[in-house]
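Participant: Sequence and predicted structure, then a few things I'm wondering about:
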Amino acid sequence: MGSQIFSAILVIIVGVGGCVAYFWGANKLLDLAFPSRGVAGRAAIDNLRRQGIVRPWLFVGPALLILTVYLIYPVVDTLRLSFMDRAGQNFVGLANYQWAVGDREFRTSILNNFLWLAVVPAACTFLGLIIAVLTDKIWWGNIAKSLVFMPLAISFVGASVIWKFIYEYRAEGQTQIGILNAFIQYLGGTPQVWISIPFWNNFFLMVILIWIQTGFAMVILSSALRGIPEETIEAAVIDGANPFQIFWRIMVPQIWGTIAVVWTTITILVLKVFDIVLTMTNGQWNSQVLANLMFDWMFRGGGDFGRGAAIAVVIMLAVVPIMIWNIRQATRESGEGH
Amino acid sequence: MAHVVLTDLVKTYGTFKAVNNVSLRVEDGEFVALVGPSGCGKTTTLNLVAGLVPLTSGDITIGDRIVNDIDPKDRDIAMVFQNYALYPQKSVYKNLAFPLQMRKLPRDEIDLKVKEAARVLDMTHLLERKPRELSGGQQQRVALGRALVRDPAVFLMDEPLSNLDAKLRVQMRSEIKRFHQDLKATIIYVTHDQLEAVTMADKMAVMNGGFLQQYDSPATVFANPVNMFVASFIGSPAMSLVPLEVSTNNGDTALSGTEGWSMALSPLNARKVQNSTSKKVVLGARHSTIKLHKHVIAGGIPAKVYTVEPTGDVTFVQALLSGATVNISVPPTVSVAPDETVWLEFDQQRIHLFDGETEMALSAA
């Protein structure tokens, strides 16, 4: 334990120190290569200009290199693998994709992913917005917000474990330790194995992600609401709008851009949803999703790199357009700010 | 249109009294400016009339109704805000239509009113634009339009020109004045710029520290300020205020400065000074009422020139007198240099005298 902490601290010091040393050293070297002081006017200006051209590349260089190795190369290689057989050695054309289209589990996953897409981003954004508005003007608003925000600090796996206990099932007659079943038993109902009820179990899993992500939506939207000029609301009051109309017709349109960013950010997250399904059901009882299916084929029983890669490519193709739109929207948002 | 009566308005925030027993009457069709430095309570007063902040005590009457507990939307008022407060996502047309939609007017009537307002304010060509595509002056005109379509009993304007650049401000000033003349509208207008108040308003209410200091026509406020605050706030450059001591000169009441000179007073002014409760009297004089002489004259008071500011039309000379700075305007042909001694002649008909302790104007009665 002690040595682990020690090595962790050492890594941090070496890592951060190394970065600082690189940027400082690289800048120093640049100054040496193209001196701007102690040389005649004309040459100094030329050297300053050359420094200006080289410096951004020196500073961005390491990041570009890491991005290439860890992001671009894997994307390209995944694409390549998706056209290869299970060992990744022989070219098989579109066979993996053909298999996917015909595969029952793949189709269930696609369907489930659509279900997640339809429910989770909408629920998170809506709940986040409502909580942000309701907590804005009350004294305990910040306490409430902290509580709603807290799940965001829990890992998906951790959150899933918590909810596993909430959905926990014990045979009828035994003491229920899951709060949901305990509650239902208290009301005189029959305990259920919630996560094994096909179709509906999808929603029980979605609740976990909504629980986690509502805090995110709330924080972003809350700050957007604060940015609405008070005078537009006063003007609407005088113009005769009631609180409901002020909210929907004056406030929401003004933060529409932020709502879109929150919505799409969560959408991207949902497309990649994996941990929750893995922890809760591992895709059983018709709750499979694409990311978990990919993991199954790639590393688990499947061991088929071709099919795993093909599923990965499908996920990527779904995420990219939303990602582009999201980034554009976010840039426009920040561009419009003062 | 309607008259507005404020009776003993009080607004407190905790122990702080933002508005302190303000009473005034705005006649039907009158343009009244609430003017004063920041934090004087003028905007709070306007917000009280609008109903945006709750009243602590007092009465607000609009027309023949007491509106203390009536919602802003039912007070029959329209407000123009400092930052225009246009709805940024709505087109100009929809901005103008919004208050009418909220009143559930039929669509064709809304259309008629919006187009009429746009025509009056000469912005028909802007109707489809979004606020961010408009210049400051155009945005301000849309804000006026949104108030206009409502056809309210009273227009409330909260520093509507302070976000515009100087040139546009002068132009919009005359547009708002014209707007008032054409519509015979009752307008309550808040500004910190005394020049706006003087040029536009029928009456001005000068406020300071939550109290109403003086409420009268700009000409009266300018000619007869009731106290030193009003005297120094209205007029540009500000009225010079020189603290002096009451003295006697051959048995006549006179005023003397720290430099040892003494100033003879007209019988009326002498009577005013005799009414003063304290031995300290403050002499007030506007720059244009003081004559500057380069040579000794009888009754002239010597002063040392501090700075000279030529502005083209007229040159302002600041001179030091009895520990205060006196502003004098002279024709640009007069040449004076800093540190030169000059002789000042005060017009006994046009000087103002204030009690040095209460700061109130002295009266002869």
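Facilitator: The structure has been received and is ready for your questions.
Participant: From chain A, how far out is B:Glu30?
Facilitator: 21 Å (C-beta to the nearest C-beta, to the nearest Å). (C-beta placed from N, C-alpha, C; glycine too.)
Participant: right, I mislabeled it, should have said B:Lys291
Facilitator: 49 Å.
Participant: Which helix runs longest in chain B?
Facilitator: helix B:166-183 (DSSP state H).
Participant: Who are the contact partners of residue 80?
Facilitator: Unless you meant another one, I'm taking chain A. The contact partners of A:Arg80, by C-beta atoms under 8 Å, 6 or more residues apart in numbering or on different chains, come to A:Ala309.
Participant: hmm, I had chain B in mind actually
Facilitator: B:Val80 makes contact with B:140, B:143-144, B:147, B:155-158, B:160, according to C-beta under 8 Å, 6+ apart.
Participant: Which members of those are positioned in helices?
Facilitator: Among the contacts of B:Val80, the members that lie in helices (by DSSP H) are B:140, B:143-144, B:147.
Participant: Can you give me the pLDDT of the residue of the stretch 51-200 of chain A found nearest chain B?
Facilitator: Relative to chain B, the nearest point of the stretch 51-200 of chain A is A:Lys137 (14.8 Å; C-beta to the nearest C-beta). At A:Lys137 the predicted local distance difference test score is 80.
Participant: and what of B:Asp252?
Facilitator: B:Asp252 carries a pLDDT score of 83 in this model.
Participant: so where do the helices sit in the stretch 51-200 of chain B?
Facilitator: B:92-102, B:107-120, B:136-148, B:166-183, B:194-200 (DSSP state H, counting those that start in this stretch).
Participant: What pairs with the helix or strand containing B:Val308, parallel or antiparallel?
Facilitator: B:Val308 belongs to strand B:301-310 when assigned by DSSP states H and E. The strands beside strand B:301-310 in its sheet (DSSP bridges) come out as strand B:315-321 (antiparallel), strand B:341-346 (antiparallel).
Participant: Do a quick rundown of the helices in the stretch 251-365 of chain B.
Facilitator: B:267-274.
Participant: who in chain B is up against chain A?
Facilitator: B:50-52, B:72-73, B:77-79, B:81-90, B:98-99, B:102-103, B:146, B:150 (C-beta under 8 Å from any C-beta of the partner chain).
Participant: Give me the subset of those residues lying in strands.
Facilitator: B:77-79 (DSSP state E).
Participant: if we take the residues you listed, which one ends up nearest to A:Leu317?
Facilitator: B:Met79 (52.6 Å; C-beta to C-beta).
Participant: Number of residues surrounding that closest one?
Facilitator: By the measure other C-beta atoms under 10 Å in any protein chain shown, the count of residues near B:Met79 is 30.
Participant: now, which of the ones in helices among the contacts of B:Val80 sits nearest A:Phe199?
Facilitator: Using C-beta to C-beta, those come closest to A:Phe199 at B:Ala143, 54.1 Å.
Participant: thought the closest one was touching B:Asn83?
Facilitator: No - counting by C-beta atoms under 8 Å, B:Asn83 is not a contact partner of B:Ala143; they are 9.1 Å apart.
Participant: Of those two, which one has the most company?
Facilitator: The neighbour count for B:Ala143 versus B:Asn83, taken as other C-beta under 10 Å, is higher for B:Ala143 (26 against 18).
Participant: how's the chain carved up into domains?
Facilitator: Defaulting to chain A. Segmentation of chain A into domains, based on automatic domain parsing, reads A:2-81, A:99-336.
Participant: you looked at the wrong chain, it should be chain B
Facilitator: Listed by automatic domain parsing, the domain ranges of chain B are B:4-229, B:240-355.
Participant: now these in TSV, with distance to A:Trp285?
Facilitator: Below are the domains of chain B laid out as TSV (distance: least, C-beta to C-beta, whole Å):
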stretch	distance to A:Trp285
domain B:4-229	45
domain B:240-355	87
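Participant: which one of the ones you listed is the most hemmed in?
Facilitator: The highest average neighbour count among those, using mean count of other C-beta atoms under 10 Å in any protein chain shown, belongs to domain B:4-229 at a mean of 19.
Participant: what is the mean pLDDT for that domain?
Facilitator: Regarding domain B:4-229, the rounded mean pLDDT is 90.
Participant: Tell me how far that domain lies from the chain's centre.
Facilitator: 14 Å (C-alpha atoms, centre = their mean, to the nearest Å).
Participant: What helix or strand is the residue of the stretch 51-200 of chain A closest to chain B located in?
Facilitator: Going by DSSP H and E, A:Lys137 is not in any helix or strand.
Participant: Could you report the neighbour count for it?
Facilitator: A:Lys137 - counted by other C-beta under 10 Å - has 7 other residues nearby.
Participant: Run through the bridge partners of B:Trp343.
Facilitator: Bridge pairing for B:Trp343 - DSSP bridges - gives B:His293, B:Pro302.
Participant: In this structure it contacts B:Ala298, no?
Facilitator: No - using C-beta under 8 Å, B:Trp343 is not in contact with B:Ala298, being 9.6 Å away.
Participant: Got the phi and psi for B:Asn250?
Facilitator: Torsion angles at B:Asn250 (phi, psi; degrees, to the nearest 10) stand at phi 50, psi 40.
Participant: ok, it to chain A distance?
Facilitator: B:Asn250 sits 64 Å away from chain A, going by C-beta to the nearest C-beta.
Participant: do the same with B:Ser288
Facilitator: Remark: distance between B:Ser288 and chain A (C-beta to the nearest C-beta) = 40 Å.
Participant: Kindly indicate whether A:Asn222 is helix, strand or coil.
Facilitator: Quick fix: residue A:222 is Ser, not Asn. Under DSSP: H, G, I helix; E, B strand; the rest coil, the three-state class of A:Ser222 is helix.
Participant: Spit out the contact partners of it.
Facilitator: With C-beta under 8 Å, 6+ apart, A:Ser222 has these contacts: A:132, A:135-136, A:145.
Participant: Output those in a markdown table, with neighbour count appended to each entry.
Facilitator: Shown next, in a markdown table, are the contacts of A:Ser222 (neighbours: other C-beta atoms under 10 Å in any protein chain shown):
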| residue | neighbour count |
| --- | --- |
| A:Ala132 | 23 |
| A:Thr135 | 17 |
| A:Asp136 | 12 |
| A:Lys145 | 18 |
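Participant: circling back: which of the ones in helices among the contacts of B:Val80 sits closest to B:Thr311?
Facilitator: Closest to B:Thr311 out of the ones in helices among the contacts of B:Val80 is B:Gln140 (28.8 Å), distances taken as C-beta to C-beta.
Participant: I figured the closest one hits B:Leu161, correct?
Facilitator: Yes - under the criterion of C-beta under 8 Å, B:Gln140 makes contact with B:Leu161 at 7.3 Å.
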